[in-house]
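Have a look; sequence and predicted model below, questions after that.
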Amino acid sequence: MSKVKIYRIEGLMLISQDKLPRWIKFKKEIRALNPEHALEKLYSEMGSRHKVKRTNIRVVDIKEIDAEEAESRYIRELAKLTYMVIE
């Protein structure tokens, strides 16, 4: 059974490509099994939340981090869970 890891992805995304295009920095923490899955999740979330196409996202750095290093409280709390009950 694979263990879920936490990845911090940093990069740039192109906003307002029609009027005044500008590149905005972002930093996102994602739980995934491997870096490829983390990138897929990033593209999915950025597209749904900000309407950014995959071609307008530039990933600068992706690295695995510990749960204690995570800035997101939601990610830290999920990492502490030992089991989950779904009814």
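Cool, got the structure.

which residues of this protein score low on pLDDT?
Counting by pLDDT under 70, the chain has low-confidence residues at 1, 17.

So which residues of it form strands?
With strands called from DSSP state E, the chain shows them at 5-15, 22-32, 57-65.

Most tightly packed of these?
Stretch with highest mean neighbour count among the strands of the chain: strand 5-15 (a mean of 18; mean count of other C-beta atoms under 10 Å). Yep, even glycine has a C-beta here, placed from its N, CA and C like the rest.

Just list what that strand packs against, helices and strands only.
Here strand 5-15 touches strand 22-32, helix 35-50, strand 57-65, going by 3 or more C-beta pairs under 8 Å, 6 or more residues apart in numbering; DSSP states H and E.

Parallel or antiparallel, which strands does it pair with?
In the sheet, strand 5-15 lines up against strand 22-32 (antiparallel), strand 57-65 (antiparallel) (DSSP bridges).

Might you report the residue contacts of residue 34?
residue 5 (C-beta atoms under 8 Å, 6 or more residues apart in numbering).
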